Each structure stands twice: as structure tokens, then as C-alpha cells.
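Model the following, please.
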Amino acid sequence: MIEILALSGSLRQASINTKLLTAITRAAPDNITINLFSGLGALPFFNPDLEGLEPDSVLAFRKVLSASDGVIISSPEYAHGITGVMKNALDWIVGSGEFMNKPVAVLNAAPRSSTAYETLKEVVRTIDAKIIPDASIDIPVLGRDLDVSGLLSDPEIAPLIDRVISSLTMAINATADCVT
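Got it, this is the predicted structure:
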């Protein structure tokens, strides 16, 4: 069984990024579990003085990251930057290594928002994750006014969702083969 963690960089209830990740969790085949992590908003501001004294929410986040075989990130762009909640979450794991060599898909649900998307990929690379190019794509959700079921049945979006899952899964399997 493959375990994938999905992270949305938006706390907004009607977030297209969270909606896209929810669709991806539902599209996963039976041998893949994709869990949408809902605790990024509960992480306190990153403070390196807390090293060794991390709050329980940080330890829980690190634990689910460690247990995952791969990660899917979808995050909006705010003022040409990564959202604060996403950057804060990534800052908490810079020194702890949960992303090291982990296959990651970085998605862009609003293709016009390319500045933060490229910056997010750079941050993820900096923390030693393995970005999977075939799984890190633009999925044009913005402006379509589709619910999760609509995303899964849309003739343009559904194949992109399948591509993300299959490309990330192939990378996870290849990584596991290298380890064994």
C-alpha cells in the first residue's frame, strides 16, 4: 500500500487548491491512500529556538510526513509569494529531514500564478525533496466553478489528475526499488 500526504497551502473554506487535492484523494486507486492533511493552520509560527521542544502539532505534522511515501502540494499565490501557512509548515521541517529524497508533486491550480509556483518548487528542492516533473503540473481549476465531482469528470482535468497520481506513484515505486 502506498501512502501519500496531500498539503493545501490555503486555509480558505472554498479553496480551489483544497478542492483539487480532495478530487485527487478520491481518484486514487485501491492500492494508494492519499490523505489530505488539515493541520497546517494549527502549526505555530516557526521558531528555531524551539528545536527539541517542538509543540505537539509540529511533531504530528512531522510524523505524518515521515510515514508518507510521497507528497502532493497545491498552494495558491498571494502577492507573488508562497502562502504564509505553507512557508511556515515547510520552515518547521527544514532541519528535521522528513522531505529528504521524498517524491513530491507540486501542483498549480491557477496557471496564471506562476511566480509562487516556481518559488514553492525551489523551496521544496532546497529541503532535499525529489520533485517529480511529470507529476508537478498546472491543472487549470481557477474559473471553472466545478465541485469535486465536476473536477473528476471534466475531460481536461480528470486526465491531469490521473497523470499526477500515476507519475508520482511510479516515482515512489522507483525510489522504493532503489532502497531495497
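
where are the low-confidence patches of this protein?
178-180 (pLDDT under 70).

And the strands in it?
In the chain, the strands defined using DSSP state E lie at 2-8, 32-37, 70-74, 77-78, 81-82, 103-107, 130-131.

Need those in a markdown table (columns: mean neighbour count and distance to Asn173).
Backbone N, C-alpha and C define where each C-beta goes, glycine included. As requested, these are exported to a markdown table (neighbours: other C-beta atoms under 10 Å; distance: least, C-beta to C-beta, whole Å):
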| stretch | mean neighbour count | distance to Asn173 |
| --- | --- | --- |
| strand 2-8 | 23 | 8 |
| strand 32-37 | 17 | 11 |
| strand 70-74 | 26 | 10 |
| strand 77-78 | 18 | 32 |
| strand 81-82 | 17 | 29 |
| strand 103-107 | 25 | 9 |
| strand 130-131 | 18 | 13 |
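
Figure out which of these is closest to Pro48.
Comparison of the strands of the chain against Pro48 by C-beta to C-beta identifies strand 81-82 as nearest, at 18.8 Å.

residue furthest from the geometric center of this structure?
Asp49 (26.6 Å; C-alpha atoms, centre = their mean).

what sits against it?
Counting by C-beta atoms under 8 Å, 6 or more residues apart in numbering, Asp49 touches no other residue.

Name the nearest residue to Ser15, sequence neighbours excluded.
Nearest residue to Ser15, sequence neighbours excluded (C-beta to C-beta, 6 or more residues apart in numbering): Ser8, at 6.1 Å.

Would you check how far apart the closest residue to Glu51 other than its chain neighbours and Ile127 are?
Of all residues not flanking Glu51 in the chain, Gly95 sits nearest, at 7.2 Å (C-beta to C-beta, 6+ apart). Noted for Gly95: a distance of 9 Å to Ile127, by C-beta to C-beta, to the nearest Å.

out of these two, which sits in the more crowded spot?
A side-by-side neighbour count of Gly95 and Ile127, using other C-beta atoms under 10 Å, places Ile127 first with 18 against 9.

residue contacts, that one?
Taking C-beta under 8 Å, 6+ apart, we find Ile127 in contact with 90, 93-94, 99-100.

right, and out of the residues you listed, which lies closest to Asn108?
Distance to Asn108 across the contacts of Ile127 (C-beta to C-beta) is lowest for Leu90, with 16.6 Å.

Quick check: Ile4 touching Gly70?
Yes - assessed by C-beta atoms under 8 Å, Ile4 is found in contact with Gly70 at 4.8 Å.

what ranges do the helices span in the protein?
Using DSSP state H, the helices found in the chain span residues 16-27, 56-67, 84-92, 114-126, 148-153, 157-179.
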